[in-house]
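Participant: give me the fold of what follows.
(2 chains)
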2 protein chains.
Amino acid sequence: MPETVSQKKCRILLDAMGGDYAPLNCVVGAVQAQRSLPNSEIMMIGKKEEILAVLQSEGLTFPESQIIHASEVIEMCDVPTQAIKNKKDSSIVVGCKMVKERQVDAFVSAGNTGAMMAASTLIIGRIKGVGRPTMGTFFPSQSFTTIFDVGASVDSKPRHLVEYALMGSIFAREIYGIENPKVGLLSVGEEETKGNEVVLETHAMLKKSNVNFIGNIEGRDILKGTAHVVVCDGFVGNIVLKFGEGVLPLLKHLLKEFAETSLWNKIRVGISKGVLKGALKSMDYQQHGGVPLLGVDGISLIGHGSSTALAIKNMIIRADEMYRHDIVGKIRNSINELEKEG
Amino acid sequence: MPETVSQKKCRILLDAMGGDYAPLNCVVGAVQAQRSLPNSEIMMIGKKEEILAVLQSEGLTFPESQIIHASEVIEMCDVPTQAIKNKKDSSIVVGCKMVKERQVDAFVSAGNTGAMMAASTLIIGRIKGVGRPTMGTFFPSQSFTTIFDVGASVDSKPRHLVEYALMGSIFAREIYGIENPKVGLLSVGEEETKGNEVVLETHAMLKKSNVNFIGNIEGRDILKGTAHVVVCDGFVGNIVLKFGEGVLPLLKHLLKEFAETSLWNKIRVGISKGVLKGALKSMDYQQHGGVPLLGVDGISLIGHGSSTALAIKNMIIRADEMYRHDIVGKIRNSINELEKEG
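Facilitator: Down below sits the predicted model:
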C-alpha cells in the first residue's frame, strides 16, 4: 500500500494489573515495548507502588511520570458488569475513561476479558452506526486467516455479521497487508442454501455488500486458510477458538502415551517434540499481540490471561500499528457508507 | 453391564453404491464383515451386475440371494430431497423402505449424507416423541468423548437439545460401555449464565432432566474429554467436526514447510511422521464405523464418503452392536418417559 501511515507520537496505556502474572510481565513488557517504539509514549496504569517495586527488583528504568496510579484492580473472577460499576478507580475503568477523553490513544489489558469488553463498549462507546463491536484474532492456518467474532457477542443478527465482515476486512488489510481480503461466511456447507436462518440471511446481505465475499466456507476451511476473514457469530467463533487451543495439549497427551509403549518410541517422541515446536511456531499466540475489539470509538486490545512479557510487548506494538493505520477512522468511514446504502 | 444382549440373527443391509469408492470398497467390506459376524446376515443393495463383477474380480464369494438389485443410484452431488423423490429405485430409498417394512434390521450407507438423513427420517420415520433425529460421533480426546449433534439439524430448540443429550447418553452407555455418561452442554463459558438464548434455556431443562448433566463446557473441553456426551446444535457441531478434520492436514503442511528449512530438519521430520502416525491412531475415523442417526425408528448409519473397506466393515459391525443392544427400543422408552414428565 502506497498510503503513508501516521508518524505522530502515539500514547499507549497498558493495564499493569492485567493477567495472571501481573504486574511482573506487564512491567517488563512495557519497558521492552518502549525500547521498540521510540516514537511512541508507553504509559502504565495500576497500583503505583507495585509497579515501582517490579521496576526496582528487575533493575529496569521507566519514567515515573508515565505511571498512573489506580487504587483498585478488577480480578479475573469478578463479574464484569458489576466490577466496572463498583470499581470506579480500577485500572480498566480509568484506562477506558482516558481513551474516551483522548488523554491516550490506546488502552491495552491482559486482564478480565469480559470487563475489558464491557468497559470498552460502555465507557469508550461504539462508533456511530456499529450495532455490536467484534473481537477477532489471527488464526493459524495453511495460508492466512483471521476470525471475527470470537466471543464479543452471541445471537448476532445478520446486520451485525456484515459489520464484522467489514471491520475484519479493514483489520486484515491494514495490519497484515492483505489486499482486498477474501471474506468467508462460516456455515455447514458451501452452497448458499446451507446454514441456519441467520447465516442464510447474512449470505444474501454479504453478496450485495462491498466486502470481497467468497461465499460460505466450512469448518475445515478455517485451517486451510480459504478465507482471510472468517465471519461467524461469537458463540461459534469462541468455541472454535477454544477448541483450537485444545489441539496442542491433546497432541502432547497422545505423544506421551505413545512414548510409554517402548523405549524406542520414547526416543522417537523426544526427537518429534523438538520438530513440532519448530514447525508449530506460527501457532504461538504471543506473536500476535492480543485481540482487538473493533467497533468501539478508540483502540482497545485484550490480551490472553497468561500473557508473557513478550505477549504484552507485542500487544503494545499492535496498538501502535492500529493507531498509525487509523483503523478506527477507517471503520468509521466504512460503517458510514454502509449506513448510506441502507 | 450384566444385561444380556440379543443373540438373534441381525439382518444388516449395506448400500453397495455408497461412497467415493463404491462398489469396490463396499463389496470388500461386506465380505469381511460377514466373516466377522457369523451370527448375522449381511445383505447388499445396488446394481447387481456391478456387485457381482467386483466379487469376481476380487475373487470373493458372497451368497447371491443376499444381493438385492436396485436400478438407480443417488450420487454425492444430488440434491437430497429431490433425489429421494425422483429416484424411487435407488439403493438408499429402497434400503430405508426395507427397514420400515422390517425386512432388514439395519441399513448402512457411505453415500450422500443428506439423502441418507432425509430418507431415514421421511421413510423409516421418527420414534414417537422425537422432535428431531440427531447424528453423533465419537471424537478423539484425552479421555472419551462423543458429540451430538454434528449436522442433522440446525436451529435446534432447547427441547431438541435435551433429546440429543438423552439419545447420546444411551449410545455412549450401550456402545462404548460408559456407565452413567457425563453430559456437557457446549457453550462460551462454564457459568450457567453464559451462552446464547437457546443454551441458557437448555441448561435449565437439562438440570431438571434424568441425564447426568455436568453443566456447560467450553470448546477446549471437547479435546480434554471433560464430558462423555457433548451436546450442541448441529450448526456448531458440524463446524467443530470439520474443523477437527482440518487439524491433521495443517500439521502435515507445517511439518512439510519445516522440513524444507534444512537437511537436518528434513531427517527429523521424517522420524516425526512415523511417530505421529502411531500416536494419532485414535483419530482414525475408520475405526469408528460411521455415524448413527438416532431418533429414527430403526437403525441407520451413515459412513464417510471416502470410506475404505475397513471403514465399511466397521460400520456394519456397529450396526450389529446397535441391534444387539436394542438402542432403538431404549431410545423409545426414554423419550416416552421424557414425554410423561412433560
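
Participant: can you pull the contacts of the residue nearest the centre of chain A?
Facilitator: Nearest to the mean C-alpha position of chain A, by C-alpha atoms, centre = their mean, lies residue A:291 at 0.5 Å. Under the criterion of C-beta atoms under 8 Å, 6 or more residues apart in numbering or on different chains, the neighbours of residue A:291 are A:135, A:136, A:137, A:150, A:301, A:302, A:303. Bear in mind the C-beta positions are built from the backbone N, C-alpha and C, glycine included.

Participant: if you set the cut-off to 10 Å instead, what comes out?
Facilitator: Residue A:291 makes contact with A:113, A:116-117, A:134-138, A:150-152, A:241, A:285, A:300-304, A:315, A:318, according to C-beta atoms under 10 Å, 6 or more residues apart in numbering or on different chains.

Participant: just the buried ones from these?
Facilitator: Members of the contacts of residue A:291 that pass the buried threshold by neighbour count (16 or more other C-beta atoms under 10 Å in any protein chain shown) are listed as A:113, A:116-117, A:134-138, A:150-152, A:241, A:285, A:300-304, A:315, A:318.

Participant: run through the strands of the stretch 1-150 of chain A in chain order.
Facilitator: When assigned using DSSP state E, counting those that start in this stretch, the strands of the stretch 1-150 of chain A occupy the ranges A:11-15, A:41-46, A:67-69, A:106-109, A:134-139, A:145-148.

Participant: partner strands of the first one, parallel or antiparallel?
Facilitator: The one in question is strand A:11-15. Paired strands of strand A:11-15, with direction, are strand A:41-46 (parallel), strand A:106-109 (parallel) (DSSP bridges).

Participant: go through the ones you listed and pick out the most buried.
Facilitator: Using mean count of other C-beta atoms under 10 Å in any protein chain shown, the stretch among these with the greatest mean number of neighbours is strand A:106-109 (a mean of 32).

Participant: next one: it to chain centre, how far?
Facilitator: Counting by C-alpha atoms, centre = their mean, to the nearest Å, strand A:106-109 is centred 11 Å from the centre of its parent chain.

Participant: now it: average pLDDT?
Facilitator: In this model, strand A:106-109 has a mean pLDDT of 98.

Participant: quickly check: stretch A:255-268 near chain B or not.
Facilitator: Yes. Stretch A:255-268 is in contact with chain B by C-beta under 10 Å from any C-beta of the partner chain, via A:255, A:256, A:257, A:258, A:259, A:261, A:265, A:267, A:268.

Participant: now the stretch 1-150 of chain A against chain B: closest residue?
Facilitator: Minimum separation of the stretch 1-150 of chain A from chain B (C-beta to the nearest C-beta) falls at residue A:142, amounting to 4.7 Å.

Participant: also near chain B: which of the buried ones among the contacts of residue A:291, exactly?
Facilitator: Under the cut-off given by C-beta under 10 Å from any C-beta, chain B has A:150, A:151, A:241 from these close to it.

Participant: how about a markdown table for the residues you listed, with pLDDT added?
Facilitator: Converted to a markdown table, these look like this (pLDDT from 0 to 100):
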| residue | pLDDT |
| --- | --- |
| A:150 | 96 |
| A:151 | 92 |
| A:241 | 94 |
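
Participant: which one of the residues you listed is nearest to residue A:80?
Facilitator: Among those, residue A:151 lies closest to residue A:80 (C-beta to C-beta), at 12.5 Å.

Participant: got a list of what the residue lying closest to that closest one once chain neighbours are set aside touches?
Facilitator: Beyond its immediate neighbours in the sequence, the residue positioned closest to residue A:151 (C-beta to C-beta, 6 or more residues apart in numbering or on different chains) is residue A:238, lying 3.7 Å away. For residue A:238, the contacting residues are A:135, A:147, A:149-152, A:154, A:232, B:187-189, B:194, B:218-219, by C-beta under 10 Å, 6+ apart.
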